[in-house]
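**Q** no sequence on this one, just coordinates:
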């Protein structure tokens, strides 16, 4: 091992240990990256292991390229893994089992783009291996997974960024900052549009393709015959592996809603949802229609579902504001032109890493959000989308889905993180996990 690699690895390890104390409690900070903190040479670049490479896994790994090099790729679909290796220059080692990849001592950072039901197990293993992590949203499959994962991340001291990249969009952030600063007066209501869940089926049962390890793809989920619509992108429309648009788009927009009202480390106290579910054998099983009303301890009402226009709309005593990716508008004033908040007055977490994405020709949210991870690894500071606030963002999605599936109003204690006087609802905080794929600390 060369001396420069040894000193570099010592630096990364020291940075991780220094972060442990900072992660011991929810944290709001400003992380301003300096040009001097960016990699200057081949030996100063991070070594990346990428897990789960079907579409979004490649998107987030592409976002890391200004700061590092892919040295290992893991996917249970050999064909996808081979395509990814070619995409990243043809030199990365391939793995089917992520645990073997994590045994490598030369990997500094892992990206996790696998389906939702794998996030927690992979992230815990990466923490134990001392790797810094960028994990796709939603963070978890269940609320109990989030409780476990936050503890493991805190104990390990690794730097952890969740892919809720809308937090790194200037328009979304301005909307949240404006609401948080009280420019709308007392906040009364937030409406969040998520869109309709796709419907489909019955789908054909067939033999798994030879290049796919179907048993491992299923992981903790029940063992079922292979249906191609169950995996890759369309896994989102099955409750066994994900949570439909309530958890997919909700992980972005409900996170912004909680951030704007200062509830990013808490959650609602009441959840009342209604939903209609398909009854199609071997078909998608997420809700065909859904609407949710939640109330927070501060009195703010949050309305979401497939009946609400897209984006996040904040309503206060003095007017309304709507913010979404790349767009912000409102009444009675134009916030962008006449009444915007100077960035030096921002109170929420702000980061301004130099846009090295320009060098790739792909500037955007993912690159800025990924840059925040690498800045925080170097500086020993918490990330914008840390494991604590993103456990809460995933939790509000799960709470909505639990109420939908039970078909009734629920009372939630956000401090103790359980339903009040409701054993049936509390059983939904976890899932039964298939033998051999149990998740533990």
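**A** Good, I have the coordinates. Just so we're clear, the structure is a prediction, and the values are computed from it rather than from any experiment.
**Q** what sits up against the one helix or strand residue 61 maps to?
**A** Remark: residue 61 resides in helix 56-64, with elements defined by DSSP states H and E. Residues from elsewhere that reach helix 56-64, judged by C-beta atoms under 8 Å, 6 or more residues apart in numbering: 46, 48, 50-51, 53, 70, 75, 84, 87-88, 109, 111-114, 134, 136, 163, 357, 360, 362, 366-367, 369-370, 374. C-betas here are computed from N, CA, C, even on glycine.
**Q** for that helix, what is the distance to the chain centroid?
**A** Using C-alpha atoms, centre = their mean, to the nearest Å, the mean C-alpha position of helix 56-64 is found 13 Å from that of the whole chain.
**Q** which stretches of the protein form helices?
**A** Secondary structure of the chain by DSSP state H: the helices cover 3-22, 56-64, 78-87, 98-102, 116-128, 143-156, 170-180, 214-218, 244-248, 250-260, 357-360, 365-379, 387-406, 423-426.
**Q** output those in a markdown table, with distance to residue 309 appended to each entry.
**A** Formatted as a markdown table, the helices of the chain follow (distance: least, C-beta to C-beta, whole Å):
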| stretch | distance to residue 309 |
| --- | --- |
| helix 3-22 | 39 |
| helix 56-64 | 25 |
| helix 78-87 | 36 |
| helix 98-102 | 39 |
| helix 116-128 | 26 |
| helix 143-156 | 28 |
| helix 170-180 | 15 |
| helix 214-218 | 36 |
| helix 244-248 | 14 |
| helix 250-260 | 12 |
| helix 357-360 | 30 |
| helix 365-379 | 21 |
| helix 387-406 | 18 |
| helix 423-426 | 30 |
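**Q** so the helix holding residue 61 versus helix 365-379, what angle?
**A** Here helix 56-64 runs at 60 degrees with respect to helix 365-379, directions being taken by axes from the mean of the first three to the mean of the last three C-alpha atoms, to 10 degrees.
**Q** rewinding a little: just the buried subset of the contacts of helix 56-64, please.
**A** Those of the contacts of helix 56-64 that meet the buried threshold are 46, 48, 50-51, 53, 70, 75, 84, 88, 109, 111-114, 134, 136, 163, 357, 366-367, 369-370, 374, by 16 or more other C-beta atoms under 10 Å.
**Q** residues contacting residue 263?
**A** Taking C-beta under 8 Å, 6+ apart, we find residue 263 in contact with 296, 298, 300, 392.
**Q** quick one: contacts of stretch 229-247?
**A** For stretch 229-247, the external contacting residues (C-beta under 8 Å, 6+ apart) are 54-55, 77, 115-117, 138, 141, 194-198, 200-201, 203, 212, 214, 217, 221-222, 224, 248, 250, 284-287, 290, 292, 304, 306, 394, 397-398, 400-401, 404-405.
**Q** now do the same contact list for the closest residue to residue 301 other than its chain neighbours.
**A** When the adjacent residues along the chain are set aside, residue 301 lies closest to residue 189, with 4.7 Å between them (C-beta to C-beta, 6 or more residues apart in numbering). When contacts are counted by C-beta under 8 Å, 6+ apart, residue 189 touches 300-303, 314-315.
**Q** just the pLDDT for the nearest residue to residue 46 once chain neighbours are set aside.
**A** Nearest in space to residue 46, with sequence neighbours left out and distances taken as C-beta to C-beta, 6+ apart, is residue 68 at 3.4 Å. The predicted local confidence for residue 68 comes out at a pLDDT of 96.
**Q** so residue 68 versus residue 316, what's the distance?
**A** In this structure, residue 68 and residue 316 are 43 Å apart, going by C-beta to C-beta, to the nearest Å.
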